[in-house]
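Trainee: After the sequence you'll find the predicted model.
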Amino acid sequence: MSETTSAAVSRGLPGRPGGLWANRWFRFALRRTGRLLISLWILVTASFLMIHLVPGDPVRAALGPTAPADLVLARTRELGLLDPLWRQYADYLVHLFHGELGTSITSRLPVSETIAQRLPASAQLAVAAFVVSMLVAVPVGVGMAVLTRRGRRRRTELAFTGTSVVLGAIPDFLFGVGLVYLLAVQTHVFPVAGRDGLGSYVLPVLALAIGPAAVLSRIVRVEMLAVMEADYIRTARAKRLTPVRIHLTHALPNAVTATLTLGGLLLSSLVAGTVLVENVFAWPGLGSTIVSSITSKDYPLVQGTVLVYGVGVLLINTLVDVALALLDPRSAIGDG
Amino acid sequence: MTVLSFRDVSVRYGSHTVLKGVSLDIAHGEIVGLVGESGSGKSTLARAAVGLAPLAGGRILLDDRPVPTRGRARPVQMVFQDPYSSLDPRMTVGESIAEAMRERLGKQARRAEITRLLALVHLDAARAGDRPGRLSGGQRQRVALARALAARPEVILADEITSALDVSVQGAVLNLVREMRRELDLSMLFISHNLAVVRYVADRVAVMYDGEIVEHGPTTQVLGSPQHEYTRHLLAAVPGAAHRASAGDRASAGNQASVGNQASAENRNGILSPTPKEHT
Amino acid sequence: MRAARVLLRPVGLAGFGLLVLVLLVAVFGPVLWDGRATVVDTGNLLAGPSAEHWIGTDNLGRDLFFRVLVATRLSVALALASTGISVALGIVLGAAPLLAGRRAGRLVTGAVSVLVAFPGLLLVLFFAVVFGVGARGAALAVGLAGAPAFARLCHTLIAGISARDYIAAARIAGVSRWRILRRHALPNIAEPLIVNATMAAGGALLTFAGLSFLGLGVQAPSYDWGRLMQDGLNGIYVHPLAALGPGIAVVLAGLAFNLTGEAFAAAFGVDVIPGVARLRQVRNAAAEARGSGATTASTDAGTILSVDDLRVTIPGAQRPIRAVRGVGFAVRDGEAVGVVGESGSGKSMTALALARLIEEPIRVEANHLVFAGEDLMAGGDSAARRKRLGTSLAVVFQDPMTSFNPVHRVGPQLAEVSRFHQGLSRRAALARAVDRLRAVRVRDPERRARQYPFEFSGGMRQRAMIGMGLMGTPRLIIADEPTTALDVTVQRQVLELLTEVRRDTGAALLLISHDVSVVTDVCDRVLVMYAGRIVEELPARDLRTLARHPYTRALVAAVPDMETDLTRPLAVIPGLPVDPSRIPDGCAFAARCPLADDHCRTADPPLRADAAGNRVACHKAGQALPDTAEVTA
Ligand SMILES: Nc1ncnc2c1ncn2[C@@H]1O[C@H](COP(=O)(O)OP(=O)(O)O)[C@@H](O)[C@H]1O
Ligand code: SF4
Ligand SMILES: [Mg+2]
């Protein structure tokens, strides 16, 4: 696996005439960058339009019915909402380019400052949960596939599938509530809420990771089972390799490519899942910010946080695609 | 009289030119065989005629008019290679056939017409109520032929219709093709990579190589005294050819570099079957 | 029938029962218990569980248990409504390429693939802002947010269907696009769509719970499970059940949808996750009678492979499939033996069984199976045996496109044999791989060895596969339809390569093919198989002229060659091959044989050898066949 990946990038497998364009890695990079840019543009435009799609007067809605009319007018002007739409769009893009995301209506603080302050806590949570779920899912899935292959050990299989279905059906915030009750309220092993020291990470990370780990391990198992029936595994057996070698060097890399695709989706939903879990654990991250800003109709802040979440998700997707292309060079030649 | 006429037809997929100015005529009541290796563009030519492949140049004419690709009247019909994908698994045989009929018929008339068409392909009328899942590959291919006939076509394009079938069934379908031509006066483009099969059904043969027709003429002439090197190469490759072809033929085929054979001429002669075989 | 299959499985039964229960509570709950859920018990504010209030009361003293039951309706209704929106919108967007043509379709697909990248919750939050906080807004938001995923699903499913020839045939017949969608596409994608919609409803349920929990969903005085949970969370120190009760309801309802979906999926044969291989249920087939056609094959010196009474049984859903029923033959050193027969006659199973590549639950039995002096039926899977087989038995498979591992380069895949069995270093093994690629006449082998299989053409891969067999010193090459997937010209090259390899290495060859001409070209001797048995064995050169079994003769006559008489119809074998799970008494070929009589239908003809060593299994071997009339299958 490793020998195929590293060399593939550095060398780029050229050999055909036609210069740079003929190099499939170059084409892949171009295509993937193009898609990322288009997605970014859609994201930015959507977050810009959000405030205009709100029915009624957004500023009035934010400040409440009792706010004096001139204050509403002042804020409206401040937000540039009196300019023609194209002008607002252009300003929005220019500001964005300079890293300015506007000012919060309620707190009067620059949005970028709030985000910069809260983003790390959320990111740490998401990354930690992703790593934990991958570390659990891949070995468990592979092990279960090998153990229960071709209808062997049906009872083990049933127990595993049953457990993972149940765990997968429990939403992460419920895990949060349950874990708080069991390990914080009842036994005081971990703190109930807040972000203070390593111990405070355990429950939120667990709450986020359990569901995805259950789902992912099932996917790994199913993929492994499918791969084990492939013709090239029969070829490997015809070479009379040991079962361990067949599983690890011939089956696993193929199963991982499919797993990674779904794992990527999972990671992006993990990012979103932080919103709920942060609320359970009063985690000082972006998740609580976005919820409070939606309820208080603080549109600039909503715009900014949605944008940040979206960019995070897009970057993850791109990373996954690149990883896939390295693992399985065929995926770099398709239309991505 | 020419029925279907390909005039300088080109098809391009992206930067890849699949057909490079192909011209071919199919006369009334004639079966034209089209042979060549996979990827040479045989199927694309047929698909272009029914509007499934985009034309990049040239024209395809039916009785001197463009082939209609809109509306209910479709005088050019196609039968596909894979009998397992060419029938909707959710539709009964009768429904599949009825769908291709030109005009909406009453219940009685439709049933009579389905029975007639099934009889043409030697299937029992009771089959009309079956779903394809209950039919064998050969039977499915017959249904596909019946569906093509339901549109009352002038020309049928048969794309490798026997290559997915077992040898024991292939013969029956080939017999059927010859019979249909004899009794229905159909014109047909019969695509196959199997020269023996084409020899058995086709009046004329066209040989395609890399998007071009490199040789065409009456079957006996093309297969009996091939002019183009590629045709000779194809003939030499037919299994069982060992006991027919002369050594000279084989040597010249072996030198055909464009086909990407790395074997040297001596080698080719040296490794042919160790035991000389008699033929029947 | 399908419903029955759903209910037969315990998981399906549990899921379905739970779902019915949830739906019943949703329909009747508010009617039955609305009173008890709204009664204010001022003496019991925020009380814990008691006999009176099973999971306690809320801040107004209302009974939480009944509130949970009553909340079922709103929770489930919102989930179903939003799933409906997602599915409807998804179908429209997913069918766009089929309905609106290529260009517009590509635009929609592009937009969908951008949107699908964003997780549902993020889209929900976005739409929640636009539609405002509240139940209706949330339903719209969740529905819209779910649409891209369904659009992607419909698109993939419809694209899969559109590639099928029956869609092309309908187009050619002038069937309109709408009708194609309605008559061909939708019915064929309905099952996976139902499965996914069921599961999506479960997902929507959880999303709503989450939204209401955040305070972005249902607003007071309405309440759903999420709201109840949020209300309960504040008191989790004191009355955990107030928060956990509605949580349990959410999980149960979510499970009901998910389990039902899984059960549907299993019953429909839909892959919930793409690529699930479905295996028939293992059943220990009862010990069967010995095949009567077994003839002991010699195990003399000079014999590389000898097998006697080989039987392969596949456990089937109803009854075991007897794919191979007592095959016995021998291959001498350096000899080329061909196996012909229709598909399903057991050729591949024989080849795989000989190579010991068949795994559980398929059963392989034989009196003996001796390769190079070693009985492969005896003894386990020792390293020494692996090494012997790995270096002296080469196997070439039918489909060169799928037989190489797509994620490894070709060179290392060949080199693996030498590194593993011959202890060569990585470098030395790779050098040998390059050398072997050169030997099978792959041009520019150094560069080719560094390429991936997908960069090879079909013929090239089959050469490389043969080269893989040459990494050791093969004494037998088993090739199962090695040229069936290839063009005639490439087929010729591969066959020549096999012949040459045999000449250079002295290896024997077992060549399996359905093409009589291929076998006569390459082999010395031919075995003809029918319904899992050898029915005739004779020298290859005699196949066209001296065959005595009616099946062999029909097989030869049915295939047109370059000398076939054009004035006569081709010979045809009437009827269908025998279903290997229902093999009749007597001669298996009797139903299709023009010579069959009552004796044939009752007594199975044994495989008997004549003086020349040729074998045939027929009561009327060699008798003249009636003139073949045009018979149709
Ligand atoms: N994995 C399988 N599950 C069920 N039946 C199978 C399987 N593999 C092969 N068979 C059945 O075994 C019989 C023999 O198959 P095979 O050896 O592949 O025949 P051949 O190679 O002559 O075409 C066929 O009826 C086939 O349907
Ligand atoms: S035994 Fe009878 S039925 Fe079987 S092949 Fe011979 S003649 Fe035909
Ligand atoms: Mg086979």
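Mentor: Structure received. Ligands and ions are numbered 1, 2, ... in the order given.
Trainee: Spell out which parts of the stretch 101-250 of chain B neighbour chain C.
Mentor: Counting by C-beta under 8 Å from any C-beta of the partner chain, the stretch 101-250 of chain B comes close to chain C at B:122, B:136, B:138-139, B:144, B:147-148, B:150-151, B:166-172, B:174-176, B:178, B:193-197, B:199-200, B:223, B:233-234, B:236-242, B:244. (Glycine included, C-beta is placed from N, CA and C.)
Trainee: Filter these down to the buried ones.
Mentor: Neighbour-count burial (16 or more other C-beta atoms under 10 Å in any protein chain shown) is assigned, among those, to B:122, B:136, B:138-139, B:144, B:147-148, B:150-151, B:166-172, B:174-176, B:193-197, B:199-200, B:223, B:233-234, B:236-242.
Trainee: how about the helices in chain B?
Mentor: Taking DSSP state H to define them, one finds helices in chain B at B:42-49, B:93-99, B:107-120, B:137-150, B:167-184, B:195-201, B:219-224, B:229-237, B:247-254, B:265-271.
Trainee: By mean pLDDT, show me the worst of those helices.
Mentor: Least confident of these, judged by mean pLDDT, is helix B:265-271 with a mean of 31.
Trainee: Residue 131 - how many residues pack around it?
Mentor: The chain I'm using is chain A. Using other C-beta atoms under 10 Å in any protein chain shown, A:V131 is surrounded by 12 other residues.
Trainee: that's the other chain; I wanted chain C
Mentor: Neighbours of C:F131 under the rule other C-beta under 10 Å: 18.
Trainee: Look up the closest residue to it, ignoring the ones flanking it.
Mentor: Leaving aside its sequence neighbours, C:F131 sits nearest to C:G137 (C-beta to C-beta, 6 or more residues apart in numbering or on different chains; 3.3 Å).
Trainee: What distance do you get for that neighbour to A:A323?
Mentor: The spacing between C:G137 and A:A323, counted by C-beta to C-beta, to the nearest Å, is 37 Å.
Trainee: A:V72 too?
Mentor: 49 Å.
Trainee: got it, and C:R568?
Mentor: Distance from C:R568 to A:A323, by C-beta to C-beta: 63 Å.
Trainee: longest helix of the chain?
Mentor: All of this is about chain A. Per DSSP H, chain A has its longest helix at helix A:111-147.
Trainee: Let me rephrase: I mean chain C.
Mentor: Assigned via DSSP H, chain C shows its longest helix as helix C:64-94.
Trainee: That one close to chain A?
Mentor: No: applying C-beta under 8 Å from any C-beta, one finds helix C:64-94 separated from chain A by no less than 12.8 Å.
Trainee: any idea of the mean pLDDT in that helix?
Mentor: The average pLDDT within helix C:64-94 is 90.
Trainee: which of the residues in that helix are buried?
Mentor: C:64-87, C:89-91, C:93-94.
Trainee: picking up where we left off before, if you count what's nearby, which of C:R568 and A:A323 comes out ahead?
Mentor: For C:R568 versus A:A323, the count of surrounding residues by other C-beta under 10 Å is larger for A:A323: 18 against 10.
Trainee: Just confirm yes or no for stretch C:473-485 near chain A.
Mentor: No: Stretch C:473-485 lies out of reach of chain A by C-beta under 8 Å from any C-beta, never closer than 8.9 Å.
Trainee: Looking at that stretch now, give me its mean pLDDT.
Mentor: Stretch C:473-485 carries an average pLDDT of 87.
Trainee: So that stretch, near chain B or not?
Mentor: No: shown here: stretch C:473-485 not in contact with chain B (C-beta under 8 Å from any C-beta), separated by at least 8.8 Å.
Trainee: how long is that stretch end to end?
Mentor: One end of stretch C:473-485 sits 27 Å from the other (C-alpha to C-alpha, to the nearest Å).
Trainee: Tell me the secondary structure of C:P574, please.
Mentor: What DSSP: H, G, I helix; E, B strand; the rest coil gives for C:P574 is coil.
Trainee: Look up phi and psi at it.
Mentor: Note on C:P574: its backbone torsions stand at phi -70, psi 160 [degrees, to the nearest 10].
Trainee: Surely it touches C:R592?
Mentor: Yes: using C-beta atoms under 8 Å, C:P574 is in contact with C:R592, at 5.6 Å.
Trainee: Can you pick out the residue with more neighbours from these two?
Mentor: Taking other C-beta under 10 Å, C:P574 and C:R592 do not tie; C:R592 has more neighbours (21 against 15).
Trainee: nearest spatial neighbour of the more buried one, skipping sequence neighbours?
Mentor: Closest residue in space to C:R592, ignoring its immediate chain neighbours: C:G575 at 4.2 Å, by C-beta to C-beta, 6+ apart.
Trainee: Got the phi and psi for that neighbour?
Mentor: phi 80, psi -170.
Trainee: Which segments of the chain make up each domain?
Mentor: I went with chain A, as the question did not name one. A:40-100, A:118-334 (automatic domain parsing).
Trainee: wrong one, I was asking about chain C
Mentor: Here the domain parsing of chain C from automatic domain parsing is C:77-269, C:303-407+C:452-632.
Trainee: so which of these gets nearest ligand 1?
Mentor: Closest to ligand 1 of the domains of chain C, according to C-beta to the nearest ligand atom: domain C:303-407+C:452-632, at 3.1 Å.
Trainee: which residues of chain C fall in strands?
Mentor: Assigned by DSSP state E, the strands in chain C fall at C:303-314, C:321-332, C:336-340, C:363-365, C:368-371, C:374-375, C:393-396, C:476-480, C:508-512, C:525-530, C:533-539, C:608-609, C:615-616.
Trainee: relative to helix A:111-147, how tilted is whatever helix or strand A:R218 lives in?
Mentor: For A:R218, the host element (DSSP states H and E) is helix A:199-228. Helix A:199-228 runs at 50 degrees relative to helix A:111-147, counting by axes from the mean of the first three to the mean of the last three C-alpha atoms, to 10 degrees.
Trainee: For helix A:199-228, name the packing helices and strands.
Mentor: helix A:111-147, helix A:154-169, helix A:172-179, helix A:252-280 (3 or more C-beta pairs under 8 Å, 6 or more residues apart in numbering or on different chains; DSSP states H and E).
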